[in-house]
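Undergrad: Have a look at this fold, sequence not included:
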């Protein structure tokens, strides 16, 4: 592709010189690159949420998209920089678990640790590896430099050791995976676990517990339900969500990422 | 146009996977689309403010621009999706009044309700119609699919039943239409209602009341006036505004969208 | 260049019609312009921080980039609009010091005050000169109109009279120049002033005072150090910074832009 998409995700915020510096470096190398922001408002250093966010949208991008992800509390510490190819995409980011969920969601992955310093802006130590090392990698990749140019394949890249949802004595045990900006609580329990409605217009019987509170309502979309009453629904990522009509389920429930969810159904 | 502008306005925020998902879907359909953000920081579910915001800037975009607007508390409820053509633009959005002010400001409008599901990402129910239904419409429109392909003309689309400013026994009765990020209070009273200055360097005599407070100063630009003292000026949208020098008139006055404004002039 | 980059910096925020209006005007003039956001979240009317921000990233942009910078408390007051050429770039902005640091960092500069009104959207007074005057200038410049078309060279443009760091009786006296979004305190003291480490793995001996507090630790990257303990490091802009591991040095120290810094070293 002559004008590849480069999609950027960082915790740099939008009020600073960090993000435009990345873009400037990329455009200086490849003026034809098409830059798309995923988000730069990831909570500082929150790798699990950032990993979830990337995983939630990367698959909708065109084949050939290059993802540059920088949430990097270990910048300058010598942790590795990864360039990872999947069947459709290339990912660039620090070796700290940030890319893990996206790579695990891909059928194939070839992960490399970058060792070739000649593609960096500087071969000296730097406090801003996003600008000085990772953005140049994105620029060169977009110009057609193949990933194997940058370093050897590695197997021991960092994974996120997140708990997985499971079934235990008839209950489904899951976790709060993400809280979106509306306050919807996204769990790691597949929506397919929701029982089918026994009859049209009658919601399925279930009970979902989080933080000592129990949700028993199940709705098919956000506009249903009385205000402030949390309810369960099948969300747009194929996962069970807890929502409140035009309000924040996370606030109503006091839920946070990582909280345990217990789902009981009649099914 | 081979590389049309697609301008996006949502209340999705910039910290989440929603906005990049829209962009990814559009670019997957049309890699040449030029994406421009209007805003994604519209207050959640605040349709009047979002409708005002779109109306305040759409006319400056190039002819042929496709506007994709998603502020949609009724997502999933079966409310219709509209594709509306005006003499210069195409608008896509939910049928909830969001497009109303922009359509009313256009000389011609042909509004369609989308019924053709084959252009959607999925024909199943979805909690994320922005990504699964409206973004694909934007992509296909940008590739040249004509609007009449998507559904029939409708007349009964939702309007915003906002009050209009009017003249009553010598007073002009208006409303707070919008509060901008500097705290400037934008009214729905045309700036042409301001009396002409009786003499150069002497401001016109007027009295504007809102929330029981009265503003009698009139300045010709923001840098004038003492700090914290609200004054009236002719704003950049051709509407009367209330401002405070390097401060927030909305905070000083406690003004909110919808508040009644009474303007008395000597003229 | 047929598709020049136009980089935008304003204090307009992302929640309003201001920024999309600028972009719409530019794209209406030059549909091929490539728009890049530097930031629109500059603190309202904070010209020193905005000037620093622009200066911190402009040099990474491709040659030929047009910078449009609007932080403009004096809008409408008749202050001049500048078009400034350097050896690689063109800058557009109000004559209030906003461009000063970037121009001073450039070897050559030819600064013009815009007098030709025929390139504006309107020749009438306007409260939104960004949209009505400066964005059109960016559009026309990107189409190849030469800067000398817009007005005469001027020498008396506004500088920022910021204090400079200096050496006095063995101490280095500097200032807080900027606080980034992580709370890192960026000073105006060149990192070259840091003493070299006397031995590998042993940090140099120094003492830095700000707001009556003293920092004596020196680390080579952010991930070092115990939490909440401020330390000195050589930052990515070639300046001395004070940081806290995964925390805000500015909060820990109560530091603000303009605060005096005193650095003592053994060297």
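TA: Good, I have the coordinates. Nothing here was measured: the structure is a model prediction, and the numbers come from that model. Residues are numbered from 1 along each chain as shown, chains lettered A, B, ... in the order given.

Undergrad: Can you pull the residues of the stretch 1-150 of chain A lying near chain C?
TA: For the stretch 1-150 of chain A, the contact set with chain C under C-beta under 8 Å from any C-beta of the partner chain comprises A:12-21, A:23-25, A:27-28, A:31, A:35, A:44-45, A:73-77, A:125-128, A:131-132. All C-beta atoms are positioned from the backbone trio N, CA, C, and that covers glycine.

Undergrad: how far away is residue A:187 from residue A:133?
TA: Relative to residue A:133, residue A:187 is positioned 36 Å away (C-beta to C-beta, to the nearest Å).

Undergrad: Mind checking which of those two has more residues around it?
TA: Counted by other C-beta atoms under 10 Å in any protein chain shown, residue A:187 and residue A:133 do not tie: residue A:187 has more neighbours, with 26 against 23.

Undergrad: which residues touch that one?
TA: Neighbour list for residue A:187: A:165, A:174, A:175, A:176, A:177, A:239, A:240, A:241, A:242, A:261 [criterion: C-beta atoms under 8 Å, 6 or more residues apart in numbering or on different chains].

Undergrad: Filter these down to just the ones in strands.
TA: Among the contacts of residue A:187, the members found in strands (DSSP state E) are A:174, A:175, A:176, A:177, A:239, A:240, A:241, A:242, A:261.

Undergrad: Could you list which of these also contact chain B?
TA: Contacts with chain B within the ones in strands among the contacts of residue A:187, counted by C-beta under 8 Å from any C-beta: residue A:241.

Undergrad: and the stretch 51-200 of chain A, which residues reach chain B?
TA: Applying C-beta under 8 Å from any C-beta, we find that the stretch 51-200 of chain A lies next to chain B at A:53, A:56, A:57, A:58, A:60, A:61, A:62, A:65, A:180, A:181, A:182.

Undergrad: Hmm, the third one is touching residue B:22, no?
TA: Right, the one you point to is residue A:57. No. Applying C-beta atoms under 8 Å, one finds residue A:57 not in contact with residue B:22, separated by 9.3 Å.

Undergrad: what about the residue in the stretch 101-250 of chain A that chain C sits nearest to, neighbour count?
TA: At 3.3 Å from chain C, residue A:128 is the closest residue in the stretch 101-250 of chain A, using C-beta to the nearest C-beta. Other residues near residue A:128 come to 23 when the count uses other C-beta under 10 Å.

Undergrad: Setting aside sequence neighbours, what's the nearest residue to it?
TA: Take residue A:128 and drop its neighbours on the chain: the residue closest to it by C-beta to C-beta, 6 or more residues apart in numbering or on different chains is residue C:236, 3.3 Å away.

Undergrad: Which ones among the residues of the stretch 1-150 of chain A next to chain C lie within strands?
TA: Of the residues of the stretch 1-150 of chain A next to chain C, the ones assigned to strands by DSSP E are residue A:35.

Undergrad: Which strands or helices does the helix or strand of chain A with the lowest mean pLDDT pack on?
TA: One helix or strand of chain A scores below all others by mean pLDDT, DSSP states H and E: strand A:166-168, with a mean of 89. Applying 3 or more C-beta pairs under 8 Å, 6 or more residues apart in numbering or on different chains; DSSP states H and E, we find strand A:166-168 packed against strand A:171-179.

Undergrad: quick one: buried residues of the strand it packs on?
TA: Using 16 or more other C-beta atoms under 10 Å in any protein chain shown as the burial criterion, the residues of strand A:171-179 that qualify are A:172, A:173, A:174, A:175, A:176, A:177, A:178, A:179.

Undergrad: Whichever residue of chain A sits closest to chain C and chain B, how far apart?
TA: Per C-beta to the nearest C-beta, residue A:76 is where chain A lies closest to chain C, at 2.8 Å. Here residue A:76 is placed at a distance of 26 Å from chain B (C-beta to the nearest C-beta, to the nearest Å).

Undergrad: Cross-check the contact I'm expecting between residue A:28 and residue C:64.
TA: No. With contact defined as C-beta under 8 Å, residue A:28 does not reach residue C:64; the gap is 10.5 Å.

Undergrad: Run through the stretch 1-150 of chain A and note the low-pLDDT ranges.
TA: Scanning the stretch 1-150 of chain A for pLDDT under 70 picks out A:1-2.

Undergrad: now the helices for it?
TA: Ranges of helices in the stretch 1-150 of chain A, per DSSP state H, counting those that start in this stretch, are A:18-29, A:47-57, A:100-104, A:129, A:135-142.

Undergrad: Measure how buried the residue lying closest to residue A:54 once chain neighbours are set aside is and give me the count.
TA: Leaving aside its sequence neighbours, residue A:54 sits nearest to residue A:102 (C-beta to C-beta, 6+ apart; 5.2 Å). For residue A:102, the neighbour count with other C-beta under 10 Å is 25.

Undergrad: Same question for residue A:263.
TA: Burial of residue A:263 is recorded as 23 neighbouring residues (other C-beta under 10 Å).

Undergrad: related to what we said a few turns ago, buried subset of the residues of the stretch 1-150 of chain A next to chain C?
TA: Buried members of those, scored by 16+ other C-beta under 10 Å, are A:12-21, A:23-25, A:27-28, A:31, A:35, A:44-45, A:73-76, A:126-128, A:131-132.

Undergrad: in stretch A:35-50, what counts as buried?
TA: For stretch A:35-50, using 16+ other C-beta under 10 Å, the buried residues are A:35-42, A:44-45, A:47-50.

Undergrad: my guess is residue A:189 contacts residue A:172, does it?
TA: Yes. Using C-beta under 8 Å, residue A:189 is in contact with residue A:172, at 5.7 Å.

Undergrad: Please parse chain A into its domains.
TA: Residue ranges for the domains of chain A, per automatic domain parsing: A:5-149, A:166-265.

Undergrad: Comparing those domains, which comes out most buried?
TA: Neighbour counts (mean count of other C-beta atoms under 10 Å in any protein chain shown) averaged over each of these peak at domain A:5-149, with a mean of 21.

Undergrad: Do a quick rundown of the strands in the stretch 101-250 of chain A.
TA: Taking DSSP state E, counting those that start in this stretch, the strands of the stretch 101-250 of chain A run over residues A:109-113, A:166-168, A:171-179, A:185-190, A:206-210, A:213-215, A:231-234, A:239-243.

Undergrad: what's the second one in contact with?
TA: The reference is to strand A:166-168. A:172, A:173, A:174.
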